[in-house]
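K.L.:
Task: produce atomic coordinates for the following.
(one chain, ligands or ions: 2)
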Amino acid sequence: MARHFLALHDYDKAELDGMLTLARELKEKQKQGVPHRLLDGKALAMIFEKSSTRTRISFEVGMFQLGGHGLFISNRDSQIGRGEPIRDTARVMSRYCDGVMIRTFGQEIVDEFARYASVPVINGLTDLFHPCQIMADLLTVLEHKRTYEGLKFAWVGDGNNMANTWIEAAAIFGFDLALACPAGYRPDQAVLAWADAKAPGRITVTDDPKAAVKDADVINTDVWASMGQESEQKERERAFAGYCLDDALLALAKPDAIVLHCLPAHRGEEIADSVIEGKNSVVWDEAENRLHIQKAIMATLMG
Ligand code: CP
Ligand code: NVA
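P.N.:
Ligands and ions are numbered 1, 2, ... in the order given. This is a model prediction of the structure:
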């Protein structure tokens, strides 16, 4: 049975810490020009039902650096977009490829794909979770803060796929996470309940961004309208008034707090230009770390 990477809750802290350690080793090797062909001759299919810049490039380059090959497959020009069943696609791709990464809408789509695939399946973002991104974010936190232990993490904005994955991370790794989300845009109830049972009291949800950010070490935000929610942009702009991560809000955090954003960013909406370009921002390291952590995830699952 192949082991998949569909959500953080399928892993324990030691396993995820192991991937973070491997990512640091692979990053060092890549910087030093030391070959690390851990997936020599292997192929990863990358299915995209939504747009992507970082995910596509980092997985494809990552496979190349590991000695393998990544193939970009869009729903628009494959039979997926013409209604070929997921379970058929999963079995066929498993005969050609050593792993599959999927970016799609419902989490149930990646779950079904994984049920029928005989090779590892990696979640490259669904409406519910974005586990590769949060692992890249944690790698970035380790680089800038040495540890995630004892830190206060803050989330400001939509209770979306990123927020849900941070909630799982807080429960698994054991750090404090304060989320500020407006009413009607709170994180997934089942995810919150799962995390609260695993780590009671660690995770709080408020509608006050100032309370969430106060004395935070790590602040994270994301777009107000995610992919698939474009038609809600205007009503979301109204709902999220007061949720812009600007200099006044940032001033409430610790002076050496780091600012994360998975990108793409909408400057002037969820984050001020001065903050994303400012001294606390580590968003370019964060984007780079997608490459290194995904190489570690692929090497662990497909090696
Ligand atoms: N952060 C992220 O997943 O970016 P892309 O949508 O560009 O892949
Ligand atoms: N929440 C965003 C993340 C993009 C990387 C979305 O789902 O569109």
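K.L.:
and the stretch 151-300 of the chain, which residues reach ligand 1?
P.N.:
Applying CB under 6 Å from any ligand atom, one finds that the stretch 151-300 of the chain approaches ligand 1 through Cys262, Leu263. In short, each C-beta sits where N, CA and C put it, glycine included.
K.L.:
Quick one: the strands in the stretch 151-300 of the chain, in order.
P.N.:
Along the stretch 151-300 of the chain, counting by DSSP state E, counting those that start in this stretch, strands occupy 152-156, 176-180, 203-206, 218-221, 258-261.
K.L.:
Columns mean neighbour count and mean pLDDT on top of those strands, output as CSV?
P.N.:
What follows is the strands of the stretch 151-300 of the chain, written out as CSV (neighbours: other CB atoms under 10 Å; pLDDT from 0 to 100):
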stretch, mean neighbour count, mean pLDDT
strand 152-156, 26, 98
strand 176-180, 23, 98
strand 203-206, 16, 98
strand 218-221, 27, 98
strand 258-261, 26, 99
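K.L.:
Leu139 is nearest to which of those strands?
P.N.:
Among the strands of the stretch 151-300 of the chain, strand 258-261 comes nearest to Leu139, with 11.1 Å by CB to CB.
K.L.:
List the buried residues in whichever strand or helix holds Arg115.
P.N.:
Element membership for Arg115 (DSSP states H and E) is helix 107-116. Buried positions in helix 107-116, judged by neighbour count with 16 or more other CB atoms under 10 Å: Gln107, Ile109, Val110, Asp111, Glu112, Phe113, Ala114, Tyr116.
K.L.:
tell me the helices in the stretch 51-200 of the chain, going along the chain?
P.N.:
Along the stretch 51-200 of the chain, counting by DSSP state H, counting those that start in this stretch, helices occupy 54-65, 86-96, 107-116, 131-145, 161-169, 189-198.
K.L.:
and the angle for the last one with helix 161-169?
P.N.:
Spelled out, it's helix 189-198. Interaxial angle, helix 189-198 versus helix 161-169 (axes from the mean of the first three to the mean of the last three CA atoms, to 10 degrees): 20 degrees.
K.L.:
Report the angle between helix 189-198 and strand 176-180.
P.N.:
Relative orientation of helix 189-198 and strand 176-180, computed by the same axes, to 10 degrees: 150 degrees.
K.L.:
give me the residue from the stretch 51-200 of the chain nearest ligand 2.
P.N.:
Residue nearest to ligand 2 within the stretch 51-200 of the chain: Asn160 (4.6 Å; CB to the nearest ligand atom).
K.L.:
Point out where the stretch 1-150 of the chain drops to low pLDDT.
P.N.:
Nowhere does the stretch 1-150 of the chain drop to pLDDT under 70.
K.L.:
For the stretch 101-250 of the chain, list the residues in contact with ligand 2, please.
P.N.:
So the stretch 101-250 of the chain meets ligand 2 at Leu125, Asn160, Asn161, Met162, Asp222, Val223, Ser226, Met227 (CB under 6 Å from any ligand atom).
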